[in-house]
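Sequence plus predicted model, see below.
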Amino acid sequence: MKQVFLGIAENIPIAKNVMKLTLKGDVSDITNPGQFINIKLDGFYLRRPISVFDKGEDWVGVIYKIVGNGTEQLSLLKGGKLDVLTGLGNGYDLNCAGETPLLLGGGAGVPPMYWLAKELKKRRKKVTAILGFNKKEEIFCEKDFVELGVDTIITTVDGSYGVKGFVTDAMKDLNYSYFYVCGPEPMLKAVYKTSNTEGEFSFEERMGCGFGACMGCSCKTIHGSKRICKDGPVLKKEEILWRISV
């Protein structure tokens, strides 16, 4: 973990209530897809944890949804610098992917799938991504995945675009070697029940500190209590205890 001050290079809307933020500066602590950053905003006690969408040598991109006062304030910033904790979380294990990995993202869980897809494509993997949204006007990043050469499937709950239903409706008939998923917990549980291989789950959680000091985001696993912010946010399928009740 490193505390840095990153300059705002871009902060633009890409869908309804969805923003893309690009920050420039020292991002050397961000090393693995699935990690997140924690942004401090003036007037707010808790930082805002946001998954990494993409990164380069001196910049990092995140995508966030405007859901409250904090993210609304963030959306209005067009310049200056932000106090950011970087290199948080464990991220995904790329060595488990096999030849035909499946990536599943739901809503705010879509962005971390992009950097993951990018890295898997560098390893010459045949990547399929299923991106789930509620309706057509909420869709973002489809073009980004397609331009990577990823077989991209969009699902919408109301059927206004792509496959009608949830990501699990689109994954049932697919063959894949391994899966990676990020999204709300009901989606994670459904993917657990539907999946037929091993895989990794990235959990969305309200975090206090973001680096394991406060124990506010602890969860039970077969290995004991783990902190989503530090020991996660990625957990492997076989260690998740709620599998017993799904």
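Yep, it's here.

And the helices in this structure, which stretches?
Using DSSP state H, the helices of the chain run over residues 69-75, 111-122, 142-147, 167-171, 185-194.

Buried ones in the third one, by neighbour count?
Of the residues in helix 142-147, those scored as buried under the neighbour-count criterion (16 or more other Cβ atoms under 10 Å) are 142, 144-145. C-beta: built from backbone N, CA, C; applies to glycine.

Pick the one among those residues closest to residue 98.
residue 145 (19.2 Å; Cβ to Cβ).

quick one on the thing from earlier: tabulate the buried residues of helix 142-147 (JSON lines), appending pLDDT and distance to residue 201.
As requested, the buried residues of helix 142-147 are arranged in JSON lines below (pLDDT from 0 to 100; distance: Cβ to Cβ, whole Å):
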{"residue": "142", "pLDDT": "98", "distance to residue 201": "23"}
{"residue": "144", "pLDDT": "98", "distance to residue 201": "23"}
{"residue": "145", "pLDDT": "98", "distance to residue 201": "20"}
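
CSV for those residues, including distance to residue 22?
Formatted as CSV, the buried residues of helix 142-147 follow (distance: Cβ to Cβ, whole Å):
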residue, distance to residue 22
142, 19
144, 14
145, 18
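
any idea which of those residues is closest to residue 36?
Of all the buried residues of helix 142-147, the one with the least separation from residue 36 (Cβ to Cβ) is residue 144, at 18.7 Å.

so what are the domain limits for this structure?
Structurally, the chain divides into domains by automatic domain parsing as follows: 2-88, 94-204.

what separates residue 25 from residue 127, distance-wise?
The spacing between residue 25 and residue 127, counted by Cβ to Cβ, to the nearest Å, is 30 Å.
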